[in-house]
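Chemist: Predicted model and sequence below, questions to follow.
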Amino acid sequence: MSQETRPFDPAEYLDSEEAITAYLADARSGDAEEIAHAAKVADRARALIEARRSSIPKRA
């Protein structure tokens, strides 16, 4: 049985605004392409955070 791996997505590990901010700060030392890529990753991370929040049941 063959098991496929998924590509690494750093957005899955950026689980707070602080982590995203640090990731973007680190990317600023790169070139324009790296910065643009990091911005897209940050957008995906924010979307994942929001999706997790909206899936948590609200207390009555």
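Modeler: Great, that's in hand. No experiment lies behind these values; they were computed from the predicted model shown.
Chemist: got the residue ranges for the helices in the protein?
Modeler: 17-27, 32-55 (DSSP state H).
Chemist: Between the ones you listed, which one is closest to E4.
Modeler: Of all these, helix 32-55 sits nearest to E4, with 21.0 Å by Cβ to Cβ. Every C-beta, even on glycine, is put in place using the N, C-alpha and C of the backbone.
Chemist: now the closest one: how far from the chain's centre is it?
Modeler: Per Cα atoms, centre = their mean, to the nearest Å, the displacement of helix 32-55 from the mean C-alpha position of its chain is 4 Å.
Chemist: tell me which residues of that helix are tucked away?
Modeler: Residues 38, 41-42, 45, 48-49 are the ones in helix 32-55 that count as buried (16 or more other Cβ atoms under 10 Å).
Chemist: For the residue nearest the centre of the chain, list the residues it contacts.
Modeler: What sits nearest the mean C-alpha location of the chain, by Cα atoms, centre = their mean, is A11, with 2.1 Å. Taking Cβ atoms under 8 Å, 6 or more residues apart in numbering as the contact definition, A11 lies against 41-42, 44-45, 48.
Chemist: Redo those as CSV? Include distance to E33.
Modeler: Below are the contacts of A11 laid out as CSV (distance: Cβ to Cβ, whole Å):
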residue, distance to E33
V41, 13
A42, 15
R44, 17
A45, 19
L48, 23
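Chemist: so which of the residues you listed comes closest to A22?
Modeler: Among the contacts of A11, A42 lies closest to A22 (Cβ to Cβ), at 10.6 Å.
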